[in-house]
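K.L.:
Kindly generate the corresponding structure for this input.
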Amino acid sequence: MKKIIFLFFTTVFLTSCFQIKEVTFQQNNEVNSSAYWQQHIDYTMNIDVDAENHQYKGTQQVIYTNNSPDELTKVYYHLYFNAFQPGSQMDVRSLNIKDPDSRVRDRISKLNAAEIGYIKVKSLKQNGSAISFETVGTVLEVTLNTPIKSGKSVTLDMIFDAQIPLQVRRTGRDNKEGVALSMSQWYPKMAEYDFEGWHTSPYIAREFHAVWGNFDVKISIDKEYTIGGTGYLQNPQEIGHGYQDAAMPLNVPNSEKLTWHFKAPNVHDFMWAADPGYTHDVLKMDNGVDLHFLYKNNLEANFLQNWKDLQPKTAELMKYFSKHVGNYPYKQYSVIQGGDGGMEYAMSTLITGKRKFGSLFGVTAHEMGHTWFQFLLASNESKYPWMDEGFTSYISNKASYEILERGDKNPNAGPYRGYNFMVNSGSEEVLTTHADRFNTNRAYSFASYGKGSMFLAQLEYIIGAENTATGIKKYFTDFSFKHPTPNDVKRSMEKVSGIQLDWYLNEWTQTLHTIDYGIKSVDGKNITLERIGQMPMPIDLSIVYTDGSTEDFNIPLRMMRGNKPTEATILEDWAWANPVYSFAAPKTVKSVTIDKSKLMADINADNNIFEVE
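P.N.:
So this is what the prediction gives:
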């Protein structure tokens, strides 16, 4: 996710999170089954790495449980490494899009045979019997011998070979900072099947949607390499590398390779990174969470110091997110130098490490924030990237401003400026656009990060800051360890505030309607407002009277069927179809201001202030 963007940004038991609750599940205008369900998978993988040649061989067994009401005759796997080949859809898209990602551009088209990535499936069996399959780009299409009936499980055994691509996008070998292996999207990964059906989009460069499950992974690699990433190391005394219990003896095998054994419970991805030159620090928090930091030991002195200074601040971030969203349910989190910018994974993140401290902290805040808004609230990043990137930007900006004591009034003011730019440029695209289908990378980035974060920031204006904060916690409580949709976050906010928000979800995410309110006239005590833009909103007014006194007013939007908590004087609600609204103030008016908070995304501030001459 996350591009090198400077973004300023107790106990839940795992066993309780494993339970699947019955909830009413409605996606916008689509009504689904009243009983929520999601698929489950258990991965067991053994990987033997040839680090010198950047290749590995793997075996994978998955036990896939079909919790859907449907009988499945096919399954699909993602083979992400196949995107890093000349002529792949990711390559072609980057060559043709108006504003290609600077990290990709034409680099894939220039990879030679030793630099490309691939995953080649050698064999696949269903319950011990061979089944037919076909590799189609980054997707493996599998026809089952016998269907997987509703409520039943199947065992699929795979043998595969893979080659690690030169670092281009997120994953790969030998990144620009010299990290040997950044291993994300590296294994055959079962595609998600949900109430909408199969999600088998080819890998174009965006992000992911995957099945909740458990991972048991063994990685054999040259003994000088240190590994960090997802999961708990099961054999630390046989590995060392900073994972061992100092009070117990080491029992490291006298062999050229070590086999690292990881288990990760109740996650939907597994990432690892490895380098022979990693420094490995561990910070133990009072809440029982261990923070792991892995970074190159040959960094310049100022960068090394930044990595040391980052560690207590990361603990503060962990506390902030746990307090303001929901408790972190795992026992560790790892911040690892690698990748091509910043990208979140289960229990971990990959970030580039040669940064000024503010940038290093900012990217860590953002990527760690994704643990809540994506790795615990696992929305579909392909369909709703704004729920992932936007919500993360919103909460990580708030965390950063508080922890760094910036004191600014609105930590999410930046996206409002970006919003006006995009509207005026005419290049904005609707939030319901699939992540792969945006015409430009700029439109995708703004929609996902900027307008997505404004969804929550503007809710502070509509339902109040306290209701928004409480709504975020309810959203986490109700939908963590699930796959929430836009309607779910809307319903969480409605249940907390008592305000109807269907209009807001529709206008902000499914249209390009803009907000523009103005003060049409002031005559003595009489004030007339006008709605110029298509998107309706409640209105906050601040009035200064000719005698020097002031008064605040709130005009609810009738469709809300209520109003936010406020000390302002509540006026009669405004029906959205009416373009004008008039009322009489109690005293003669000197000036009127619409929305002094600046939390409403009004595209024309010039008509929001009226001074009586």
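K.L.:
Name all residues that make contact with Thr226.
P.N.:
241-242, 274-276, 278, 280, 294 (Cβ atoms under 8 Å, 6 or more residues apart in numbering). All C-beta atoms are positioned from the backbone trio N, CA, C, and that covers glycine.
K.L.:
Restricted to buried residues, select those residues in ChimeraX.
P.N.:
Of the contacts of Thr226, the buried ones can be selected in ChimeraX as follows, counting by 16 or more other Cβ atoms under 10 Å:
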select :241,242,274,275,278,280,294
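K.L.:
Adding distance to Ile351, secondary structure and pLDDT, write the contacts of Thr226 out as CSV.
P.N.:
What follows is the contacts of Thr226, written out as CSV (distance: Cβ to Cβ, whole Å; DSSP: H, G, I helix; E, B strand; the rest coil; pLDDT from 0 to 100):
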residue, distance to Ile351, secondary structure, pLDDT
His241, 20, coil, 98
Gly242, 19, coil, 98
Ala274, 16, strand, 99
Asp275, 14, strand, 98
Pro276, 19, coil, 98
Tyr278, 14, strand, 98
His280, 16, strand, 98
Leu294, 11, strand, 99
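K.L.:
so can I have JSON lines of the contacts of Thr226 showing distance to Glu428?
P.N.:
Formatted as JSON lines, those follow (distance: Cβ to Cβ, whole Å):
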{"residue": "His241", "distance to Glu428": "48"}
{"residue": "Gly242", "distance to Glu428": "47"}
{"residue": "Ala274", "distance to Glu428": "41"}
{"residue": "Asp275", "distance to Glu428": "41"}
{"residue": "Pro276", "distance to Glu428": "46"}
{"residue": "Tyr278", "distance to Glu428": "42"}
{"residue": "His280", "distance to Glu428": "44"}
{"residue": "Leu294", "distance to Glu428": "39"}
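K.L.:
Closest to Ser591 out of the contacts of Thr226?
P.N.:
Ranked by distance to Ser591 (Cβ to Cβ), these are led by Leu294 at 57.4 Å.
K.L.:
With adjacent residues omitted, what lies nearest to the closest one?
P.N.:
Excluding the flanking residues, the one nearest Leu294 by Cβ to Cβ, 6 or more residues apart in numbering is Gly228, at 4.1 Å.
K.L.:
ok, now Tyr118?
P.N.:
Gln163 (5.1 Å).
K.L.:
residue contacts, the one you found?
P.N.:
Gln163 neighbours (Cβ under 8 Å, 6+ apart): 54-55, 81, 116-118.
K.L.:
Below-threshold pLDDT in this structure: ranges please.
P.N.:
Scanning the chain for pLDDT under 70 picks out the ranges 1-34.
K.L.:
so Asn82 makes contact with Val136?
P.N.:
No - in this structure Asn82 lies outside contact range of Val136 using Cβ atoms under 8 Å: 9.4 Å.
K.L.:
out of these two, which sits in the more crowded spot?
P.N.:
Legend: neighbour count by other Cβ atoms under 10 Å for Asn82 and Val136, higher for Asn82 (25 against 13).
K.L.:
count of residues packed around the nearest residue to that one once chain neighbours are set aside?
P.N.:
Take Asn82 and drop its neighbours on the chain: the residue closest to it by Cβ to Cβ, 6+ apart is Thr138, 4.7 Å away. Using other Cβ under 10 Å, Thr138 has 24 neighbouring residues.
K.L.:
Thr138: what's it in contact with?
P.N.:
Residues near Thr138 by Cβ under 8 Å, 6+ apart: 78-80, 82-83, 88-90, 202-203.
K.L.:
Tell me how far Trp260 lies from Trp272.
P.N.:
With distances taken as Cβ to Cβ, to the nearest Å, Trp260 is found 8 Å from Trp272.
K.L.:
Please disregard the earlier target; I meant His280.
P.N.:
13 Å.
K.L.:
any residues in contact with both of those two?
P.N.:
Gly228.
K.L.:
picking up where we left off before, state whether the residue nearest to Leu294 is indeed within a strand.
P.N.:
Yes - when DSSP: H, G, I helix; E, B strand; the rest coil is applied, Gly228 is found to be in a strand.
K.L.:
tally of neighbours for Asp174?
P.N.:
For Asp174, the neighbour count with other Cβ under 10 Å is 16.
K.L.:
List the residues that contact it.
P.N.:
Per Cβ under 8 Å, 6+ apart, neighbours of Asp174: 166-167, 180.
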